[in-house]
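Trainee: need a structure here:
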Amino acid sequence: MGRVLAPKKVDDSHTNLGWLTDRGGLASHTGEGLRGVLSFGDLRLLLLAGDEKVAELALSGKTVADGYRWLKASLEARLDKLVEGDLASLHYEVPEHPVGTGQAFSAGAFTELDHWFGNANAALAEIKQANPGASDVRCWPHHFDLATLIDLGDGKTVGVGLSPGDGSYAEPYWYVSPWPYPAESELPDLLHGGLWHSQGFTAAVLRGSQLVAAQNQEQACREFLSDAIGSCRRLLS
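Mentor: Numbers count the residues shown, from 1 in each chain. Sure thing, here's the model as predicted:
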């Protein structure tokens, strides 16, 4: 929806998404007064006018094509005009999955993802507030991680986010990534868990399985993020 209806941005940021705590899902930017939301816990598509829900579709048992058809019809009914542009056309690649070739969605797998993204959004909001120069907390759909970028000036940044899992780790994981990447020999020990990842990208990483095993998960997460952000700032200073 953001790509088709929201005002275009040079950096493509009109296509990214933000977490809505009260809806438990990722929301598009507003376009013509409307936002789309993918609600994780019950796996629904929502159409919002302001904060008001004006239409919804339960995705369990439906296909991707069903979702796009419903969204297009709902937008056109609400706007009383045809929607220009192809909602289903992606300008990035996503990994192959049976759902992408016609298999129906199943809602059960998404409840835990709702918890991970909701907790991550709260933690990242605190990081944004505590770090001047940090960007809004957003999810870029081609990576599907929820993150903020701390701008240190002179082209130096620290990216902080939660990935739901990818080709590097088949589980959710936190990452804190300095840019430009330092030499591997410069990476310091991490004092509060995690490890340095250096294959393809450089970042301090805390795997979800490590976090779940902690006696106090919230404390373990805070300590890791604080230590890793501090380490990255020192590496770039």
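Trainee: which phi and psi does residue 164 have?
Mentor: Note on residue 164: backbone dihedrals following degrees, to the nearest 10 are phi -80, psi 0.
Trainee: and it, what is it in contact with?
Mentor: 113, 116-117, 144-145, 172 (CB atoms under 8 Å, 6 or more residues apart in numbering). Where C-beta positions appear, they are placed from N, C-alpha and C, glycine not excepted.
Trainee: pLDDT at it, what is it?
Mentor: At residue 164, the model reports a pLDDT of 94.
Trainee: How about residue 106?
Mentor: For residue 106, the model assigns a pLDDT of 88.
Trainee: Can you report phi and psi for it?
Mentor: The phi/psi pair for residue 106 (degrees, to the nearest 10) is phi -130, psi 120.
Trainee: got a list of contacts for the helix or strand of the chain with the lowest mean pLDDT?
Mentor: Lowest on mean pLDDT, DSSP states H and E among the helices and strands of the chain sits helix 2-5, with a mean of 90. Applying CB under 8 Å, 6+ apart, the external contacts of helix 2-5 come out as 14-17, 28-29, 31-32, 34, 36, 75, 83-87, 91.
Trainee: Ok, stretch 92-101 next?
Mentor: Identification of contacts with stretch 92-101 by CB under 8 Å, 6+ apart yields 63-64, 105, 141-142, 167.
Trainee: 6 Å - rerun?
Mentor: Stretch 92-101 is contacted from outside by residue 142, using CB atoms under 6 Å, 6 or more residues apart in numbering.
Trainee: What's the end-to-end length of it?
Mentor: 17 Å (CA to CA, to the nearest Å).
Trainee: returning to that earlier point: just the buried members of the contacts of helix 2-5?
Mentor: Buried members of the contacts of helix 2-5, scored by 16 or more other CB atoms under 10 Å, are 14-17, 28-29, 31, 34, 36, 75, 83, 87.
Trainee: Let me know the pLDDT of the nearest residue to residue 135 once chain neighbours are set aside.
Mentor: Nearest residue to residue 135, sequence neighbours excluded (CB to CB, 6 or more residues apart in numbering): residue 149, at 4.6 Å. Looking at residue 149, its pLDDT reads 98.
Trainee: Equivalent analysis for residue 63, please.
Mentor: Residue 63 is given a pLDDT of 97.
Trainee: Dump the contacts of residue 164 to TSV, plus neighbour count, secondary structure and pLDDT.
Mentor: Below are those laid out as TSV (neighbours: other CB atoms under 10 Å; DSSP: H, G, I helix; E, B strand; the rest coil; pLDDT from 0 to 100):
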residue	neighbour count	secondary structure	pLDDT
113	15	helix	92
116	21	helix	96
117	24	helix	97
144	16	coil	92
145	21	strand	96
172	24	coil	96
